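> Next input, structure requested:
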Amino acid sequence: DSIVVGRISQMTDPSLDAARHTFDIRSPFGRVLSAKELPFAIKDGKLVETKHTPPVHWIYPLIFSDMSIGALSTRAWEAVALAVGYLNEKCGLPVRMSSGEGGMPVKLLESDYLKYFIIQIASGHFGWNRIIKAMPHMKTDPAGILIKIGQGAKPGDGGLLPEAKVAEHVQAIRGVPKATLASPPNHQGLYSIEESVQKMHLSMNAAFGFRVPVAIKCAASATSVSVYNNLLRDPYKICGGFFIDGIQGGTGAANEVSLDHTGHPVVSKIRDCYLAAVKQGLQGQIPLYGGGGIGMTGNAAADAFKMMCLGANGVFVGKILIQLLGCIGNEQGRCNACNTGKCPMGICSQDPRLVKRLDIDRGAQKIVDYVLAFDSELKKLMAPIGNSSLPIGRSDALVSTDKAVADKLGIQYVC
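Model (predicted):
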């Protein structure tokens, strides 16, 4: 709240017309090689590729964060997926959605719409048998793979899907009996970042023929920069993104003690990681995406803009989607029924009677309208500073009204 856009182009650098100017609002998802690393050569007067380059997809800088079928009802998950399809097919906005841990419906895995989804694998490995079996029948590659190491709502605490929410369709998708499903707080058998790169990145990339970017998601903490530095030095050039989840995210399914007392603000960690990459001249090679609290100020576009100016390539949101679907909880008064299976709006329930209360089409329409407004407001912030492309690292465009925040983030202090 104490960070505002302070550099406005008025005379020396003409500002842009937000309504009529053409803006390039796209972010990379995948490992971006530096110019000297590009494997190209001149042969017979033509530019030819001498060896494989890491896959890079250019996507919209707003990703729908991972919420699984199980955590959400099938109708809620379907509404979010429907919005993603509409935004891509009808609006021309390449928004991507993370599946969450727990697998996806087979029909979706074997459809053309898979290209809009980032498949998540987490410490519980739920749903991966079904995904592997569907691979020979996939018509297209997924948008990417996201390996979730930790999440900002409960860092180091793991996930838990209570038995009450493990309905028959959840059992089928995840391949489990009706029981409380725990995702361990860490990946069993992975004891270092190097092992994560070697075992998981290589195996996931090999599974899809090195055509799909593979990213890692971690909770914002004191070790975020260390993890990012190790990924930057990865000799395989295989990490396609680093997702940082801050303490200010989470739904009513997260423990209050975790939400209030564990983790770091995502703004701080995004900035630290970006500056660490700048010192090595490696900024932009592994895209940074931040989440956890985006939209808490009341304007997600403004929050996203500020995150990008501080070094993020994009943001991911989850709680906003639930609220758009009709969640009656908010920052002032939480419903706290997400984990009970008795969500009164049918969003986080598997009870057929409650799930019927959710209107899929109406929910999807609200999400689409919100993203279109997000896109419009993002342009209205890019135009005054004179940027027609995303202002990644443009910290000179920001000022802070809080001296401590200004000193921490390395931006100008104004009062």
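> mind listing what Gln283 touches?
For Gln283, the residues meeting the contact criterion (CB atoms under 8 Å, 6 or more residues apart in numbering) are 274, 277, 311, 393. Placement of C-beta: from N, CA and C, glycine included.
> Which helix or strand contains it?
Per DSSP states H and E: Gln283 is located in neither a helix nor a strand.
> same check, this time on Val368
helix 360-382.
> just to revisit the earlier point, please report which of the contacts of Gln283 has the highest neighbour count.
Going through the contacts of Gln283 with other CB atoms under 10 Å as the criterion, the one with the most neighbours is Gly311, at 25 neighbours.
> Apart from its neighbours in sequence, what residue is nearest it?
For Gly311, the nearest residue in space outside its immediate sequence neighbours is Tyr274; the separation is 2.5 Å by CB to CB, 6 or more residues apart in numbering.
> again with Leu354
Of all residues not flanking Leu354 in the chain, Gly346 sits nearest, at 4.5 Å (CB to CB, 6+ apart).
> Number of residues surrounding the one you found?
Neighbour count for Gly346, taken as other CB under 10 Å: 23.
> Contacts only, for it.
Listed by CB under 8 Å, 6+ apart, the contact partners of Gly346 are 73, 75-76, 354-358.
> what do you get if the cut-off is 10 Å, keeping everything else the same?
With contact set as CB atoms under 10 Å, 6 or more residues apart in numbering, Gly346 has these partners: 72-73, 75-76, 325-326, 352-359, 363.
> can you give me how far stretch 206-213 is from the chain middle?
The gap between where stretch 206-213 is centred and where its chain is centred comes out at 20 Å by CA atoms, centre = their mean, to the nearest Å.
> which parts of it are buried?
Residues 208, 210, 212-213 are the ones in stretch 206-213 that count as buried (16 or more other CB atoms under 10 Å).
> Helices of this protein, start to end?
Remark: helices of the chain, listed N- to C-terminal, are 74-89, 106-109, 128-134, 168-174, 193-195, 202-207, 224-232, 256-261, 266-280, 300-309, 319-324, 352-355, 360-382, 403-409; assignment by DSSP state H.
> buried stuff in the fourth one?
In this case it means helix 168-174. Of the residues in helix 168-174, 170, 173-174 count as buried by neighbour count, 16+ other CB under 10 Å.
> what does the third one give?
Of all the residues in helix 128-134, those buried under the rule 16+ other CB under 10 Å are 128, 130-131, 134.
> Look over those and name the one with the lowest pLDDT score.
Lowest pLDDT among those: Trp128, with 86.
> So it sits against Ile119, correct?
Yes. Judged on CB atoms under 10 Å, Trp128 makes contact with Ile119 at a distance of 9.0 Å.
> shared neighbours, the two?
With CB under 10 Å, 6+ apart as the test, Trp128 and Ile119 both reach 101, 103.
> circling back to that earlier point, just the buried residues of helix 128-134 now: which is nearest Asp245?
Here the nearest of those to Asp245, counting by CB to CB, is Trp128; it sits at 21.3 Å.
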